[in-house]
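A.B. asks: One predicted model, sequence on top.
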Amino acid sequence: MTKHRIGLHNRLCFFYLSTTNTRPSPLPAEATSTSPMTLCFSLAEQLIACRLLNSAQKVIQRIIKQSSSLSAVEFSISLGVDPDPTTYAFLIRQLVTSGETHKAEVVYIEYTLNRGIEPNHSVLNSMVICYCNLGKLDEAKLLFDRLVDLKWTPCSSACNELVKGFCSQDKILDGFDVFVEAINAEVLLGFGCYNKLVDGLCYRGYLDDAIYVFDVLCDRRVMPTVHLFKTFVFSSCKRGRVEEAQLLSMEMESYGFVLDKVMYTTLINGYSKNQKMKTAMMVFLRMLKLGCEPDKYTYNTLINGFLNLGVFDKGWVLHQQMVEFGLEPDVVSYQIMIGKYCKHHKADCALVLFNNMIQCNVAPSVHSYAALISALYKENRLAEVDDLCNKMLDNGLVPDHVMFFTLISNHPRGSEISLACTFLQEIAKKGCGIDLSYIPSPTSRKVTTDLILDIDHLLREIVARSLPLANVAFNIYMIALCLGGKLVSAQHCMDKMASFSLQPSLSAYNSMIKCLYQKGLLEDAESLVEVMQDQGQVPNQAAFLIMVNE
């Protein structure tokens, strides 16, 4: 037969139950059945009745440690025995660990702060985690700062939760500040913190801070991931720091990782933008040497870089090499070369490429047509311009505001509204499939008001079918009105765009700025520039030249 040893508290309980007539207080609802917990509550009550407060407090501590029960605290207080700070600290920690953060907050505020109990190191750490889980990061940061001010070391979990919380709310610099405090206190952080901070800091452009986080990671002999290296390389190249990106890619290789074609192409693009084509080619050759096959985007990037410098022979060699490698040039490949040839007054070379493009069954884009038409206008080859315009429309392409600006710049003054109406009809017919048989040709209209009525009708029809095409149509009309000096109508057009949540293009804004300057409305022009910036549009060189020259 097994013998059970009866403890002191149980013996006292049995003794006092048999000798006292004191009526017991109602037990907490959590312990109403006959169970070890019920006996513990009963024992605590009897000990309190007999003024054995120290023993009662130990029993209550044991209850709380075994059950993390808030009702046990309430029961104890109802009997006039306040648990000690250690018990509260344990209860808060247990509640936070079990995910009962709202209860933990109640214990912290109502049973510690409101009773004048100073939170200790354990409570502050637990409440930092608690407030992070509740999404109350400001309260969590205050308690974290208090830990630091008291020269108490924050626990790893508190630091991890606070950093992740700030990162998830896009408060990256606040998260970085916590990270620095944690590192200074020699707290070991989880890898997730490093990952989130590097991602967030790189995305926001704080590359130096991100590199500091990365250096700490390496100093602690934690293995960086491919994702971290890629994040650094892409962000560094995006901000023109391509040399640093290449150093990081070399460090990545030292860890045994291999660069993929996207990373190589990103480095090539970074050097191309900085006009360092010799280095870009060195990266390209290393890519080939290590067996990483380039794609069309890699070749297009290199071709664009050489053509930007006017080195057409090397651009053409790369174009041919791309074909030899079995990579058929796409619309972007041709568009790059056609655009650059046109820009450097090589319209015939551009036309050869254009015809070659069609023979290879690659449909030219509107931008290719616009570049060619602009170049032909400059050489006064008007018959070829008409042929290209007709070919573009016959092929079902929808003209855009860039094409309109190209054509109207070479048309006589006074034809702005008529040409705009023609463009809107093509957008309605080719882009939206609208039947235009009932609308007369713009050239047959003798009164401008009739044209404007037609345009208003077309805009309504286009808006009803496609907002992206409506944005193009409104931009064309706004440019036409500004170039025609119809400022009030242009402003009304811009207001109408805003009512549909549409936004003018840079060309449309520049046309409006020029119109305002020509009419002497300088303050209005400056206000419009501010509106552009508020909408995220950065005035380009053309806008500033207008303001200087007009």
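C.D. replies: Thanks, I have it.
A.B. asks: can you give me the helices for the stretch 101-250 of the chain?
C.D. replies: Along the stretch 101-250 of the chain, counting by DSSP state H, counting those that start in this stretch, helices occupy 101-106, 121-133, 137-149, 156-168, 172-184, 191-204, 207-219, 226-238, 242-254.
A.B. asks: Local confidence estimate at the residue nearest in space to the middle of the chain?
C.D. replies: Nearest to the mean C-alpha position of the chain, by Cα atoms, centre = their mean, lies Y203 at 7.2 Å. On pLDDT, Y203 comes in at 90.
A.B. asks: which residues does it contact?
C.D. replies: By Cβ atoms under 8 Å, 6 or more residues apart in numbering, the contact list for Y203 reads 172, 235. C-beta: built from backbone N, CA, C; applies to glycine.
A.B. asks: swap in K429?
C.D. replies: Counting by Cβ under 8 Å, 6+ apart, K429 touches L436.
A.B. asks: how near is it to P399?
C.D. replies: Computed as Cβ to Cβ, to the nearest Å, the K429 to P399 distance reads 11 Å.
A.B. asks: for S437, same thing?
C.D. replies: Using Cβ to Cβ, S437 is found at 20 Å from P399.
A.B. asks: What about G326, how many residues nearby?
C.D. replies: 7 (other Cβ atoms under 10 Å).
A.B. asks: mind checking the SS state of it?
C.D. replies: coil (DSSP: H, G, I helix; E, B strand; the rest coil).
A.B. asks: Check the spacing between it and Y212 real quick.
C.D. replies: When Cβ to Cβ is applied, the distance between G326 and Y212 equals 45 Å.
A.B. asks: Same check on A245?
C.D. replies: 17 Å.
A.B. asks: Looking at these two, which one has more neighbours?
C.D. replies: Legend: neighbour count by other Cβ under 10 Å for A245 and Y212, higher for A245 (25 against 17).
A.B. asks: Pass me the low-pLDDT residue ranges in the stretch 301-450 of the chain, would you?
C.D. replies: Along the stretch 301-450 of the chain, the model assigns pLDDT under 70 to residues 438-449.
A.B. asks: neighbours around E118, how many?
C.D. replies: Each residue near E118 was counted by other Cβ under 10 Å, and the total is 8.
A.B. asks: Setting the sequence-adjacent residues aside, check what's closest to it.
C.D. replies: Distances taken as Cβ to Cβ, 6 or more residues apart in numbering put P85 closest to E118, at 7.7 Å, once the chain neighbours are dropped.
A.B. asks: Quick check: the one you found touching N120?
C.D. replies: Yes. Taking contacts as Cβ atoms under 8 Å, P85 lies within contact range of N120: 6.2 Å.
A.B. asks: G396 in helix, strand or coil?
C.D. replies: coil.
A.B. asks: Next: the one 3 residues further on.
C.D. replies: Applying three-state DSSP to P399 yields a three-state assignment of coil.
A.B. asks: Can you list the buried residues in stretch 274-282?
C.D. replies: For stretch 274-282, a neighbour-count test (16 or more other Cβ atoms under 10 Å) marks 274, 276-277, 279-281 as buried.
A.B. asks: Stretch 490-499 too?
C.D. replies: By neighbour count with 16+ other Cβ under 10 Å, stretch 490-499 contains the buried residues 490-491, 493-494, 496-497.
A.B. asks: would CSV of those with secondary structure, pLDDT and distance to A104 be doable?
C.D. replies: Listed next are the buried residues of stretch 490-499 as CSV, based on DSSP: H, G, I helix; E, B strand; the rest coil; pLDDT from 0 to 100; distance: Cβ to Cβ, whole Å:
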residue, secondary structure, pLDDT, distance to A104
A490, helix, 90, 62
Q491, helix, 90, 59
C493, helix, 91, 59
M494, helix, 90, 55
K496, helix, 92, 56
M497, helix, 90, 53
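A.B. asks: of the residues you listed, closest to E100?
C.D. replies: Among the buried residues of stretch 490-499, M497 lies closest to E100 (Cβ to Cβ), at 53.2 Å.
A.B. asks: residues contacting the closest one?
C.D. replies: With Cβ under 8 Å, 6+ apart, M497 has these contacts: 471, 474, 478, 503-504.
A.B. asks: now, which of the buried residues of stretch 490-499 sits nearest L142?
C.D. replies: Nearest to L142, judged by Cβ to Cβ, of these is M497 at 46.7 Å.
A.B. asks: can you tell me how far that closest one sits from V366?
C.D. replies: 21 Å.
A.B. asks: Quick one: name whatever helix or strand follows the helix or strand where A420 lies.
C.D. replies: Using DSSP states H and E, A420 maps to helix 416-426. Downstream of helix 416-426, the next assigned helix or strand under DSSP H and E is helix 432.
A.B. asks: For the helix or strand that that following helix is followed by, name the packing helices and strands.
C.D. replies: Next along the chain after helix 432, taking DSSP H and E as the criterion, comes helix 448-465. Under the contact definition 3 or more Cβ pairs under 8 Å, 6 or more residues apart in numbering; DSSP states H and E, helix 448-465 sits against helix 416-426, helix 432, helix 467-483.
A.B. asks: which one of those helices lies closest to L197?
C.D. replies: Counting by Cβ to Cβ, L197 lies closest to helix 467-483 out of those; the figure is 37.6 Å.
A.B. asks: what angle do the closest one and helix 448-465 make?
C.D. replies: Here the directions of helix 467-483 and helix 448-465 differ by 160 degrees (axes from the mean of the first three to the mean of the last three Cα atoms, to 10 degrees).
A.B. asks: And for helix 467-483, what's in contact with it?
C.D. replies: 398, 400-401, 404-405, 408, 416-417, 419-420, 423-424, 427, 431-432, 455, 458-459, 462-463, 487, 489-490, 493-494, 496-497, 500-505, 507-508, 511-512, 514-515.
A.B. asks: Which among those count as buried?
C.D. replies: 398, 400-401, 404-405, 408, 416-417, 419-420, 423-424, 427, 431-432, 455, 458-459, 462-463, 487, 489-490, 493-494, 496-497, 502-505, 507-508, 511-512, 514-515.
A.B. asks: tally of neighbours for M337?
C.D. replies: 27.
A.B. asks: which residues touch it?
C.D. replies: 303, 307, 315, 319, 350, 353.
A.B. asks: With H401 instead?
C.D. replies: Residues near H401 by Cβ under 8 Å, 6+ apart: 472, 475-476, 479, 505, 507-508.
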